[in-house]
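> Starting from these lines, generate the structure:
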Amino acid sequence: MLKVYNTLSRQKEDFIPTKIDRNEVRMYVCGITPYDEVHLGHARCYVVFDVIRRYLKYRGYEVKYVQNFTDIDDKIINRSRELQLAADELARKYIDDYFSQMSKLNILPADAYPRVTQKIPEIIEFIKKIIENGFGYVVDGDVYFSVRKFKDYGKLSKRNIDELRVGARIMPGENKQDPLDFALWKKAKEGEPFWESPWGRGRPGWHIECSAMSLDELGKTTLDIHGGGQDLIFPHHENEIAQSEAALGRPFVKYWIHNGFVTVNKEKMSKSLGNFFTLRQIFEKYEPMVVRYMLLSQHYRQPLDFSEEKLQQAKSAYERIVNVKEMAEKLLKQLPDGRAGAIREMTDSFVADFVNSLDDDFNTAESLGSLHGLVNSIYLSVRDMPSGLNRESLKYQLQKLTELSNVLGLTIEAKTTIPDQIKQLVVEREEARKNKNWKLADQLRDKIKNEGFEIEDTKFGPICRRSSAG
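Here you go, the predicted structure:
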């Protein structure tokens, strides 16, 4: 049984979708505010939820996945002024950057990407419903949510409303009745983008956007999964619950899932600390699949400490998968026909371990261990060529390797083209080995190594690949 850690209950729960009769999962993940390039923290979040989505599909669920863009916001307005760029143009620029970098990480496209500026009528209708139900109020063009009227406020973050009020302040320019109240609609300031509404010209508050967009795209009933980073638990997701359940009169989300922070030397990654890395910068040094592998190497709820050492470890581990697959595919053509037999049974045990790991709250770190168990099994098949090895058994192993890698979103196709001069050195070395000219063979191996490639000798001939240290 798939078990999911629910932030709402603070425990693992059996995963049972609200529409179990249809085997349907409706999943919403908070997207970016596109005012700057996407960074490693974004990558972790969207890789985590991409794997969750892929695994649910692997387990037979029909998944509808929605992810928004908050394309109008104080940060966007401020940055657009700084760069002397229109707010909508700035948002488009960084939305394009998002798609470019995430595609390199092999993240599946969402079924829908609603944008705030395209959903203003739906947001206005949602706010009107909250006001009608007695949870919202209007003051001079601003609309606020009355937190104290929602009795369950704090149930996600486990914060007491009276404790929250201590130290809370009403900032200059705010017209709210209580420091804890939050904006549903903001009156337009001079020079800001605005939309017409029943309360005057303005724009939506941050929190209301996700409630309105998620329910508009996925249906006005309880969502199965709502996700995002741990920093969104309070106030964003807490406020989403309050306003959504105030409007609907029923639970908003069944399972709340949050991923841990990315840290650098145990400190949270941030621009102010100077330890901030964009994906574009990282991809200049490391292949995106290596970065994805590193992001999967820690359980999603735990902090992930970023370092060059971890990336190098991920590079070696990922390249081993690719190299073993390449070796096996070359051997496959030379094997006799036959039945998979015992090798199939052993392979199925690795698959079962892989599934058990992901069934336990999507534990990708453990699932990678099972994947490498299968990789090592394939490697031993290739290296030792046991008597039971045949085309069908090795093909079955490769099929399962690809299948499990796809669940994790890891593409394992060899991308390195061996230059002709290196190929020639490999041929010359093999000829030297046949002639028992070991000194020349060693010299040629060193020459190949100095060019950034390495050789592995197998029973069916040498395999040449780019050095993992290169």
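
> Mind listing what's buried along whichever helix in the chain runs longest?
Criterion DSSP state H: the longest helix present in the chain is helix 308-332. Buried residues in helix 308-332, counting neighbours by 16 or more other CB atoms under 10 Å, are found at 310-311, 314-315, 317-319, 321-328, 331. C-beta: built from backbone N, CA, C; applies to glycine.

> Now do stretch 6-24: distance from first to last residue.
One end of stretch 6-24 sits 19 Å from the other (CA to CA, to the nearest Å).

> Poorly predicted segments of the stretch 51-200 of the chain, please.
For the stretch 51-200 of the chain, the stretches with pLDDT under 70 are 166.

> what are the ranges of the helices in it?
Secondary structure of the stretch 51-200 of the chain (DSSP state H, counting those that start in this stretch): helices at 74-83, 87-104, 120-132, 161-165.

> right, so of those, which gets closest to residue 8?
Nearest to residue 8, of all the helices of the stretch 51-200 of the chain, is helix 161-165, at 16.9 Å by CB to CB.

> So what's the gap between that closest one and the chain middle?
Helix 161-165 has its average C-alpha position 34 Å from the chain's average C-alpha position, going by CA atoms, centre = their mean, to the nearest Å.

> wait, residue 265 sits on residue 275?
Yes - between residue 265 and residue 275 there is a contact under CB atoms under 8 Å: 7.2 Å.

> re earlier: which outside residues touch the longest helix of the chain?
285-287, 289-291, 293-294, 297, 368, 371-372, 375, 378-379, 381-382, 385, 391, 394-395, 397-398, 401-402, 405, 410, 412-414, 456, 458, 460-461, 463, 465, 468 (CB atoms under 8 Å, 6 or more residues apart in numbering).

> Among those, name the ones in helices.
Among those, the ones falling in helices (DSSP H) are 289-291, 293-294, 368, 371-372, 375, 378-379, 381-382, 391, 394-395, 397-398, 401-402, 405.

> Check these for burial and list the buried ones.
Buried among those by 16+ other CB under 10 Å: 289-291, 293-294, 368, 371-372, 375, 378-379, 381-382, 391, 394, 397-398, 401, 405.

> picking that back up, looking at the helices of the stretch 51-200 of the chain, which is closest to residue 209?
Residue 209 sits nearest to helix 120-132 of all the helices of the stretch 51-200 of the chain, at 6.4 Å, using CB to CB.

> elements contacting the closest one?
With contacts taken as 3 or more CB pairs under 8 Å, 6 or more residues apart in numbering; DSSP states H and E, helix 120-132 sits against strand 136-139, strand 142-145, strand 182-187, strand 202-204, helix 206-218, helix 238-248.

> Give me the buried positions along it.
The neighbour-count check on helix 120-132 (16+ other CB under 10 Å) flags 120, 122, 123, 124, 126, 127, 128, 129, 130, 131 as buried.

> what does stretch 401-416 give?
Applying a neighbour-count criterion of 16+ other CB under 10 Å, one finds 401, 404, 405, 407, 408, 409, 410, 412 buried in stretch 401-416.

> Kindly report the same for stretch 81-101.
87, 90, 91, 92, 94, 95, 97, 98, 101.

> ok, the first one - contacts?
Neighbouring residues of residue 87 by CB under 8 Å, 6+ apart: 72, 76, 77, 80, 193.

> Quick check: the fourth one touching residue 90?
Yes - the pair residue 80 and residue 90 passes the contact test of CB under 8 Å, sitting 4.6 Å apart.

> Surely residue 26 touches residue 219?
Yes - shown here, residue 26 and residue 219 form a contact pair, counting by CB under 8 Å, at 6.9 Å.

> out of the two, which sits in the more crowded spot?
A count of neighbours by other CB atoms under 10 Å puts residue 26 above the other of residue 26 and residue 219, at 26 against 12.

> Direction-wise, compare the strand or helix carrying that one with helix 206-218 and give the angle.
Per DSSP states H and E, residue 26 falls inside strand 24-29. Relative orientation of strand 24-29 versus helix 206-218 (axes from the mean of the first three to the mean of the last three CA atoms, to 10 degrees): 150 degrees.

> Now do strand 24-29 against helix 238-248, angle only.
Relative orientation of strand 24-29 with respect to helix 238-248: 130 degrees, computed using the same axes, to 10 degrees.

> Packing partners of strand 24-29?
Looks like strand 24-29 contacts helix 40-58, strand 62-67, helix 206-218, strand 223-229 (3+ CB pairs under 8 Å, 6+ apart).

> and it, how far from the chain's centre?
Centre to centre, stretch against its chain (CA atoms, centre = their mean), the figure for strand 24-29 is 15 Å.

> For that strand, buried residues please.
Applying a neighbour-count criterion of 16+ other CB under 10 Å, one finds 25, 26, 27, 28, 29 buried in strand 24-29.

> what pLDDT does the first one get?
Translated: residue 25. If you check residue 25, the pLDDT there is 97.

> Would you confirm that it contacts residue 224?
Yes - contact criterion CB under 8 Å: residue 25 and residue 224 qualify, at 4.8 Å.

> overlap in contacts of those two?
residue 17.

> just to revisit the earlier point, now, among the buried residues of strand 24-29, which is nearest to residue 304?
Nearest to residue 304 out of these is residue 29 (CB to CB; 17.7 Å).

> Report the beta-bridge partner residues of that closest one.
Going by DSSP bridges, residue 29 is paired in beta bridges with residue 67, residue 227.

> gap between it and residue 55?
Residue 29 sits 15 Å away from residue 55, going by CB to CB, to the nearest Å.

> And residue 397, by the same measure?
For residue 397, the distance to residue 55 equals 21 Å [CB to CB].

> same thing with residue 127?
In this view, residue 127 and residue 55 are 36 Å apart by CB to CB.

> For the helices and strands packed on strand 24-29, could you give me TSV that also reports distance to residue 349?
Output for the helices and strands packed on strand 24-29, formatted as TSV (distance: least, CB to CB, whole Å):
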stretch	distance to residue 349
helix 40-58	18
strand 62-67	28
helix 206-218	38
strand 223-229	30
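
> closest to residue 235 out of these?
Of the helices and strands packed on strand 24-29, nearest to residue 235 by CB to CB is helix 206-218, at 7.3 Å.

> Let me see the contact set for residue 290.
Shown in contact with residue 290 (CB under 8 Å, 6+ apart): 311, 314, 315, 318.

> same question but for residue 373, I mixed them up
Each residue near residue 373 by CB under 8 Å, 6+ apart is listed here: 350, 353.

> For my notes, please list the helices and strands packed on helix 120-132 in a markdown table and give mean neighbour count and distance to residue 37 for each entry.
As requested, those are exported to a markdown table (neighbours: other CB atoms under 10 Å; distance: least, CB to CB, whole Å):
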| stretch | mean neighbour count | distance to residue 37 |
| --- | --- | --- |
| strand 136-139 | 18 | 36 |
| strand 142-145 | 24 | 32 |
| strand 182-187 | 23 | 26 |
| strand 202-204 | 24 | 24 |
| helix 206-218 | 24 | 21 |
| helix 238-248 | 24 | 26 |
